[in-house]
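*Asks:* Let me see the structure of the following:
(one chain, ligands or ions: 1)
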Amino acid sequence: MRKLAAGNWKMNGTSAALAEVKALIGAHPAPPCEMLLCPPATLIAQMARTAKGSALMVGGQDCHPKTSGAHTGDLSAAMLADAGATHVILGHSERRTDHGETDALVKSKAEAALAANLIAIVCIGETEGQRDAGQTLAVIGRQLDGSIPAGATAANLVIAYEPVWAIGTGRTPTLAEIGEVHAFLRARLHALIGAEADGVRILYGGSVKPTNAVEIFAVPHVDGALVGGASLKAADFGAIVAALSV
Ligand code: PGA
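*Replies:* You can find the predicted model right below:
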């Protein structure tokens, strides 16, 4: 399986930030892994144009479960695809917290993504309190069961394990803790979708930096990363991309 370096720009970036994209593409004409950036929706079309002919793919950060209708401010999966997106991040913990997204809603969004031929990147992860209470595997198992779409395959589903307490904090789980969760997720995916589970990319996310990427990517069942802050600068994200060749 080809590994995936995915960047999540969150609510950061205007057209001026496309200079970073040009720098990234220029520095990595033939990256050792798949390379994806998910900018704010306002930049998807421009970024897709900038990335045309390069190895960089572009994705969204959310979509609505419906295909169209009276949903002010929302975007459908088909609209993201039309703008040039190939992927969409769904159920990020910031959306679960800021917008009260439930597993059932994330699942319906992921099904909408698949119907629009987008690859769904479904995010799950425990809070610090849940980890301290020894509930990590129970929580992420429940989130996985409840969030993955019907019809999921290795080609259309990516899972991102992102401990909530590791996002934007500079803190990460130990390599053993990451390994425990990723092995658990692989086995759970097997129970849910059978042999397709072997090819589903399971990304780690939460304070991935050029300085810790190599050791995190060496953990079994870590098939890439979902990167927030460090994806905003071409040099940092490029170093993480390069680390995926190791
Ligand atoms: P971070 O964010 O890399 O800034 O910790 C990761 C994410 O939220 O996807």
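*Asks:* by contact count, what packs against the one helix or strand residue 188 maps to?
*Replies:* Using DSSP states H and E, residue 188 sits in helix 175-193. Here helix 175-193 touches helix 136-147, strand 157-161, strand 201-205, helix 213-217, going by 3 or more C-beta pairs under 8 Å, 6 or more residues apart in numbering; DSSP states H and E. Yep, even glycine has a C-beta here, placed from its N, CA and C like the rest.
*Asks:* Now do that helix, average pLDDT.
*Replies:* The average pLDDT within helix 175-193 is 98.
*Asks:* I'd like the distance from that helix to the chain centre, please.
*Replies:* 16 Å (C-alpha atoms, centre = their mean, to the nearest Å).
*Asks:* got the contact list for the residue lying closest to residue 93 once chain neighbours are set aside?
*Replies:* Closest residue in space to residue 93, ignoring its immediate chain neighbours: residue 164 at 4.7 Å, by C-beta to C-beta, 6 or more residues apart in numbering. Shown in contact with residue 164 (C-beta atoms under 8 Å, 6 or more residues apart in numbering): 93, 97, 125, 126, 127, 128.
*Asks:* picking that back up, is any residue of the helix holding residue 188 near the ligand?
*Replies:* No - using C-beta under 6 Å from any ligand atom, helix 175-193 stays clear of the ligand, coming no nearer than 13.7 Å.
*Asks:* List the contacts of the closest residue to the ligand within the chain.
*Replies:* Proximity of the chain to the ligand (C-beta to the nearest ligand atom) peaks at residue 228, 2.3 Å away. Counting by C-beta under 8 Å, 6+ apart, residue 228 makes contact with 7, 8, 10, 167, 168, 205.
*Asks:* Contact partners for the second one?
*Replies:* The contact partners of residue 8, taken as C-beta under 8 Å, 6+ apart, are 38, 61, 89, 92, 205, 226, 227, 228, 231.
*Asks:* Adding pLDDT and secondary structure, write these out as JSON lines.
*Replies:* Below are the contacts of residue 8 laid out as JSON lines (pLDDT from 0 to 100; DSSP: H, G, I helix; E, B strand; the rest coil):
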{"residue": "38", "pLDDT": "98", "secondary structure": "strand"}
{"residue": "61", "pLDDT": "98", "secondary structure": "coil"}
{"residue": "89", "pLDDT": "98", "secondary structure": "strand"}
{"residue": "92", "pLDDT": "98", "secondary structure": "coil"}
{"residue": "205", "pLDDT": "98", "secondary structure": "strand"}
{"residue": "226", "pLDDT": "98", "secondary structure": "strand"}
{"residue": "227", "pLDDT": "98", "secondary structure": "strand"}
{"residue": "228", "pLDDT": "98", "secondary structure": "coil"}
{"residue": "231", "pLDDT": "98", "secondary structure": "helix"}
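*Asks:* Check these against residue 110 and report the nearest one.
*Replies:* residue 89 (10.5 Å; C-beta to C-beta).
*Asks:* who in this protein is up against the ligand?
*Replies:* 8, 162, 167-168, 205-208, 226-230.
*Asks:* Mind picking the two most distant members of the residues you listed?
*Replies:* Of all pairs in the residues of the chain next to the ligand, the most separated under C-beta to C-beta is 162 and 230 at 13.7 Å.
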